[in-house]
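A.B. asks: Whatever this is, show me its structure:
(one chain, ligands or ions: 1)
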Amino acid sequence: MLKAAEKRTEAPERFLFGPGPTNVDPRVYKAMAQPIVGMRDPFFFDCMAEVQTGLRSVFGTGNAVTFPVPGTGSSGMETAIANFVTPGMKTVIFANGLFADRQTEIAKRHGAQVVRFEKDWGEVFSADEAETFLERERPQVVAFVQAETSTGAFQQAKAITTPAKKIGAITIADCVTSLGAMPVEVDSNDIDVAYSCSQKGLSCPPGLSPITVSPRAWEWLQKRESIDTWYLDLRLLTKWWDAPHVYHHTPPTTLIYAIREALAVIEEEGLKSRWERHHRAHERLVTGLGRLGFEPFVSNPENRIWHLVTARVPSGVNEAELRTRLMEKYGIDMAAGIGKLSGQILRIGIMGPLATDEKIDFLLDAISSSM
Ligand code: PLP
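C.D. replies: The predicted model follows:
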């Protein structure tokens with residue numbers, strides 16, 4: 001039975017130093033309290049257009065087909081795969097972490113003939129090895145994860161998209177963790193389909209999954225006979241997002257307000273300044289953790305995600321107990337390793353409002369006094 005209103009507890013304020021959800025910008029909370037309007041209200045259509053413009057800017061693209069699909073990051077992943085992978089299609093997945101495994105699982109469920117290029121977790125793929133593999137396999141679709149949240153490794157997109165383009169394959173990039181905090185640069189990186197989420201680098205609540213599609217991939221999709229998903233069918237979704245706005249599903253109004261405001265906050269800060277802020281926070285955190293005896297999990301600094309630091313705890317420190325103490329004493333929510341790295345590393349997200357000198361120093365002091 002529900003507790004009487006006066007006895008019900010409110011959600012506590014936390015410092016969300018995990019990969020996601022992360023702290024929401026205060027302006028976004030305020031935007032979410034606006035009245036719900038009808039889905040055909042001129043104000044709402046303006047909101048939708050602003051969201052599309054803002055997303056093009058953070059994705060670094062001029063792609064007309066750019067909007068958020070409903071659902072969390074996995075919804076974007078399923079949208080990209082369901083639309084661009086047909087049954088029997090040869091699909092290469094660059095597999096170096098948990099989210100590439102998820103791409104594999106979804107691609108198989110959509111009937112793909114998956115070929116995986118496997119690497120140890122924490123490593124990334126060089127241009128030479130990607131080219132050799134793709135020249136040999138000659139797939140029609142290539143999928144990879146730009147910022148692999150399970151390991152903290154950042155994959156340079158060009159290393160994969162350049163050889164993929166040479167063989168005419170469509171590229172799908174998971175940008176769930178990179179968008180809004182690090183350069184994604186869809187156009188200059190030659191990515192055909194990129195998807196993300198609202199709850200990480202954009203400092204929004206979870207529930208939306210931005211996606212963008214290149215003209216080349218869009219042209220291919222126009223020729224596809226049927227798409228084996230209705231809710232995530234990009235051809236139908238585009239008709240809703242663009243005029244004449246043909247009804248597809250009831251949009252999550254509050255989340256659209258949220259992402260609209262989050263994108264405005266990013267525009268005001270300046271995307272490049274925001275990236276640089278995350279980079280500076282990264283350097284400060286890695287240096288501070290080093291002083292406390294933590295060892296970075298991704299060995300090459302150039303391959304590290306700036307706003308998601310992965311580290312092994314010093315010997316003699318129990319990572320689970322450390323996380324419990326941080327939560328109980330400071331309200332700090334930090335993530336553990338997942339999948340193969342369960343119990344082995346900490347995953348420390350420093351996104352949006354948490355990527356400041358002050359917050360990093362607070363975190364380092366809290367860790368130091370909780371070890
Ligand atoms: N891809 C990556 C790289 C992720 O980090 C995540 C979630 O953390 C996902 C996909 C799935 O997103 P969600 O949990 O929002 O469905």
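
A.B. asks: which residues of the stretch 101-250 of the chain fall in strands?
C.D. replies: Ranges of strands in the stretch 101-250 of the chain, per DSSP state E, counting those that start in this stretch, are 113-118, 141-145, 147-148, 153-154, 170-174, 193-195, 208-213.

A.B. asks: Isn't residue 289 up against residue 363?
C.D. replies: No - counting by Cβ atoms under 8 Å, residue 363 is not a contact partner of residue 289; they are 9.5 Å apart. C-beta: built from backbone N, CA, C; applies to glycine.

A.B. asks: can you list contacts of stretch 361-371?
C.D. replies: 15, 17, 284-285, 288-289, 292, 314, 317, 322, 325-326, 329-330, 332, 348, 350, 354 (Cβ atoms under 8 Å, 6 or more residues apart in numbering).

A.B. asks: can you list the strands of the stretch 101-250 of the chain in a markdown table and add mean neighbour count?
C.D. replies: Converted to a markdown table, the strands of the stretch 101-250 of the chain look like this (neighbours: other Cβ atoms under 10 Å):
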| stretch | mean neighbour count |
| --- | --- |
| strand 113-118 | 17 |
| strand 141-145 | 29 |
| strand 147-148 | 30 |
| strand 153-154 | 25 |
| strand 170-174 | 27 |
| strand 193-195 | 29 |
| strand 208-213 | 29 |
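
A.B. asks: helix/strand/coil for residue 68?
C.D. replies: State at residue 68, reduced to three classes by DSSP: H, G, I helix; E, B strand; the rest coil: strand.

A.B. asks: List the beta-bridge partners for it.
C.D. replies: With DSSP bridges as the criterion, residue 68 is bridged to residue 210.

A.B. asks: Please name the residues that touch it.
C.D. replies: Residue 68 makes contact with 51, 55, 198, 208-211, 255-256, 259, according to Cβ under 8 Å, 6+ apart.

A.B. asks: just these now: which is nearest the ligand?
C.D. replies: Closest approach between the contacts of residue 68 and the ligand, by Cβ to the nearest ligand atom: residue 209, at 7.3 Å.

A.B. asks: Now that closest one: closest residue in space, sequence neighbours ignored.
C.D. replies: With Cβ to Cβ, 6 or more residues apart in numbering as the criterion, residue 209 has its nearest non-adjacent residue at 3.3 Å, and that residue is residue 76.

A.B. asks: what's the residue in the stretch 1-150 of the chain positioned nearest to the ligand sitting at in phi/psi?
C.D. replies: Closest contact between the stretch 1-150 of the chain and the ligand, by Cβ to the nearest ligand atom, is at residue 73 (2.5 Å). Per-residue torsions, residue 73: phi -50, psi -40 (degrees, to the nearest 10).
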